[in-house]
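> predicted model follows, preceded by the sequence.
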Amino acid sequence: MTAIELRSELLYEISPLLDDESLMEKIINFVRDLKMSRQENITIKQQQFVKESLTRAFDELKQTERGEKRLKTADEFIKELGL
């Protein structure tokens, strides 16, 4: 289904419930919970990305300290970026 079809279906299903105040409160709370859950998932993914990036960076730093890896100079890095 396309997004437009899904929206239409959602509105079709909800429209009979719009006259019942208690059902509307339940729907609103459910939607808020969905939004919060989605935001929490995004936050968790961002935290995982930062943690993995920092772990990788610290591993590279340790390799450099042990002489297993050579760091690039600022000029080499700029050239690699094509600036």
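Looks like it came in fine.
> ok, then the element right after the longest helix seen in the chain?
Secondary structure of the chain per DSSP state H: the longest helix is helix 21-65. Once the chain leaves helix 21-65, the next helix or strand it forms, by DSSP states H and E, is helix 74-81.
> could you give me the average pLDDT of that following helix?
For helix 74-81, mean pLDDT rounds to 91.
> pull it out as PDB, backbone CA atoms only.
The C-alpha coordinates for helix 74-81 follow below in PDB (Å, rounded to 0.1, in the frame of the first residue of the first chain):
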ATOM      1  CA  ALA A  74      46.500  17.000   8.500                       C
ATOM      2  CA  ASP A  75      47.700  17.700   5.000                       C
ATOM      3  CA  GLU A  76      47.200  14.000   4.000                       C
ATOM      4  CA  PHE A  77      43.800  14.000   5.500                       C
ATOM      5  CA  ILE A  78      42.800  17.200   3.600                       C
ATOM      6  CA  LYS A  79      44.100  15.700   0.400                       C
ATOM      7  CA  GLU A  80      42.100  12.600   1.000                       C
ATOM      8  CA  LEU A  81      38.900  14.600   1.400                       C
END
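> for it, name the packing helices and strands.
For helix 74-81, not one helix or strand is in contact under the criterion 3 or more CB pairs under 8 Å, 6 or more residues apart in numbering; DSSP states H and E. Where you see a C-beta, it was placed from the backbone N, CA and C, and this is true even at glycine.
> now that helix, how far from the centre of its chain.
Averaging C-alpha coordinates over helix 74-81 and over its chain gives two centres that are 30 Å apart (CA atoms, centre = their mean, to the nearest Å).
> list of residues touching that helix?
Contact partners of helix 74-81, identified using CB atoms under 8 Å, 6 or more residues apart in numbering, comprise Lys72.
> from Val31, how far out is Lys45?
21 Å (CB to CB, to the nearest Å).
> Leu23 is in contact with Pro16, isn't it?
No: under the criterion of CB atoms under 8 Å, Leu23 is not in contact with Pro16, lying 9.3 Å apart.
> between those two, point out the one with more neighbours.
Leu23 (13 against 9; other CB atoms under 10 Å).
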